[in-house]
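[1] structure for this input, please:
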Amino acid sequence: MTARMFEEKQHASLYQKYRFDPPDELKDLILQYLDKKKGKPHQLAVDLGCGTGQNCRSLTKYFEQVVGIDVSESQIAEARAVPGFPNLSYRVGTAEELSFPDGSVDLLTAANAAHWFDAERFIKEAMRVLKPNGCLALFGYGDYMKIHYESCGDRLNDIYEEVMQILLPYTSSKVNGANSKLKDLFEAIPIPDKERIESIPIKQQLSIKTVIGFIQTFSMYQAYLRADPSAATALLERTTSRILEEMKVSSTETKVDFILEYFCVLACKPE
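    Modelled structure (predicted):
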């Protein structure tokens, strides 16, 4: 079954605030793939493990209808609270049991979520609901993350790595699916027309506050917080102070270059 890791209301609120919209480079890659394999019109896109709806909202310009699905009621409540997308709807549900007719979905996506799915059952459902020439696009980022600011980038990355080492004992084995860039899931997709892009580096400017908030959204940080609230809170406070000291700045609104390495699995259902 789908892993249930992101259901607390506070965690969902952090997701809405600090998780990133999919980068344009990745969105363009997926839409170009769909155009090439299936062509227009684009009627229905379904985003699985949609969280608070960042990927769903990015698709609304290109599809007649977009549906986001997540197992967490709190995540869906946060997603529904964002106004202004009349062709977007949300449902509570799993990636392994989809309430769509056979051959009805143009694009099935999952943004940094597919590693939580039961691969065998998910793939079976995906093949059922996709239209002929409909496409599957699963993407996310692994554990490659780098921070740069003037001449202290190496020291900032050392601080980040120390945080990740502290969180390592609280890391679900499912996260390895993301860190391996969905290699096992890709190999399990039973169709020949598929590809896996392992490295799409994306650089963006984020405030120190946003970087710390992003760490708070990690499933392993939330597990640490449940196990030892005072130690988890102290870790973020200490990390923030160390970053400010290394950068020789006083405001957490100061921007750094933040680099993530995305991956993407694409597949096209046969006619």
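[2] so where's the stretch 1-150 of the chain shaky on pLDDT?
    1-20 (pLDDT under 70).
[3] now do the strands in it.
    Here the stretch 1-150 of the chain has its strands, by DSSP state E, counting those that start in this stretch, at 44-48, 65-70, 88-92, 105-111, 130-148.
[4] the first one - which strands sit beside it in the sheet, and in what orientation?
    If I follow you right, that is strand 44-48. In the sheet, strand 44-48 lines up against strand 65-70 (parallel), strand 105-111 (parallel) (DSSP bridges).
[5] give me the residue at the spatial middle of the protein.
    Geometric centre of the chain, nearest residue: residue 112, 2.8 Å, by CA atoms, centre = their mean.
[6] as CSV, the strands paired with strand 44-48 with distance to residue 189 would be great.
    From N, CA and C alone the C-beta is placed, and that goes for glycine too. Below are the strands paired with strand 44-48 laid out as CSV (distance: least, CB to CB, whole Å):
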stretch, distance to residue 189
strand 65-70, 19
strand 105-111, 12
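[7] I'd like the ones you listed as TSV, with mean neighbour count and distance to residue 215 appended.
    Below are the strands paired with strand 44-48 laid out as TSV (neighbours: other CB atoms under 10 Å; distance: least, CB to CB, whole Å):
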stretch	mean neighbour count	distance to residue 215
strand 65-70	25	21
strand 105-111	25	18
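[8] next, count neighbours for the residue nearest to residue 85 when sequence neighbours are not counted.
    Nearest residue to residue 85 in three dimensions, chain neighbours excluded: residue 60, at 5.0 Å (CB to CB, 6 or more residues apart in numbering). Neighbourhood size, residue 60 [other CB atoms under 10 Å]: 17.
[9] does residue 60 touch residue 84 like I think?
    No. With contact defined as CB atoms under 8 Å, residue 60 does not reach residue 84; the gap is 9.2 Å.
[10] state which helix of this protein is the longest.
    Counting by DSSP state H, the longest helix found in the chain is helix 229-247.
[11] show me what that one is packed up against.
    helix 153-167, helix 208-217, helix 219-227 (3 or more CB pairs under 8 Å, 6 or more residues apart in numbering; DSSP states H and E).
[12] so which bits of the very next helix or strand once past it are buried?
    Moving toward the C-terminus from helix 229-247, the next helix or strand (DSSP states H and E) is strand 255-268. Residues 256, 258, 259, 260, 261, 262, 263, 264, 265, 266, 267, 268 are the ones in strand 255-268 that count as buried (16 or more other CB atoms under 10 Å).
[13] give the bridge partners for the third one, please.
    Using DSSP bridges, the bridge partners assigned to residue 259 are residue 146, residue 203.
[14] would you confirm that it contacts residue 200?
    No. Residue 259 lies out of contact with residue 200 (CB under 8 Å); the separation is 11.2 Å.
[15] common neighbours of those two, please.
    Common contacts of residue 259 and residue 200, defined by CB atoms under 8 Å, 6 or more residues apart in numbering, are absent altogether.
[16] in JSON lines, list the helices and strands packed on helix 229-247 along with distance to residue 100.
    Output for the helices and strands packed on helix 229-247, formatted as JSON lines (distance: least, CB to CB, whole Å):
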{"stretch": "helix 153-167", "distance to residue 100": "37"}
{"stretch": "helix 208-217", "distance to residue 100": "29"}
{"stretch": "helix 219-227", "distance to residue 100": "28"}
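[17] nearest to residue 129, of these?
    helix 219-227 (27.0 Å; CB to CB).
[18] give me the distance between that closest one and the centre of its chain.
    Offset of helix 219-227 from its chain centre (CA atoms, centre = their mean, to the nearest Å): 18 Å.
[19] any idea how far residue 22 is from residue 110?
    Distance, residue 22 to residue 110, using CB to CB, to the nearest Å: 11 Å.
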